[in-house]
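Asker: no FASTA, just this:
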């Protein structure tokens, strides 16, 4: 008698999305200096019939919610965790911009460790190219 195969939470999520006939989900990644380009990519991906998740806050732009430096640093940690969850939820990742910083490089590595396809608006910046 063979032992039952364990199903990972990721496999359960993929199966649920398939059963619900979800469209593909794209996580947009990149430096927040490219927020305008991310918005444009969001429009194009949405028009193509994909669900889009992307950064929702630009901590480099002034805002009362992150005006205190200590609170801003704690928020950045929470937002990084939130974005990793968006990558986990996604079927693929789209990296926007012609620059890859440390955070985006880590997001690319995380996506690839999960077996997610990664596309680039500027393929020449792919750290694994």
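Answerer: Received it, and whenever you're ready, just let me know what you need. Quick caveat, the model's predicted, so the values are computed rather than measured. Numbers count the residues shown, from 1 in each chain.
Asker: how much space separates residue 111 from residue 25?
Answerer: Relative to residue 25, residue 111 is positioned 12 Å away (Cβ to Cβ, to the nearest Å). Every residue, glycine included, has its C-beta placed from N, CA and C.
Asker: what do the two both touch?
Answerer: By the contact definition Cβ atoms under 8 Å, 6 or more residues apart in numbering, residue 111 and residue 25 are jointly contacted by residue 90.
Asker: now the helices for the protein?
Answerer: Here the chain has its helices, by DSSP state H, at 9-19, 35-47, 69-89, 102-113.
Asker: and the shortest one, how far out from the chain's middle?
Answerer: It stands for helix 9-19. Helix 9-19 sits 18 Å away from the centroid of its parent chain (Cα atoms, centre = their mean, to the nearest Å).
Asker: oh, and call the first residue 348 from now on, that's how I've got it
Answerer: That works, and once the first residue is 348, the last one we named lands at helix 356-366.
Asker: who touches that helix?
Answerer: Contacts of helix 356-366 (Cβ under 8 Å, 6+ apart): 354, 372, 435-436, 438, 461.
Asker: of these, closest to residue 397?
Answerer: Ranked by distance to residue 397 (Cβ to Cβ), the contacts of helix 356-366 are led by residue 372 at 6.9 Å.
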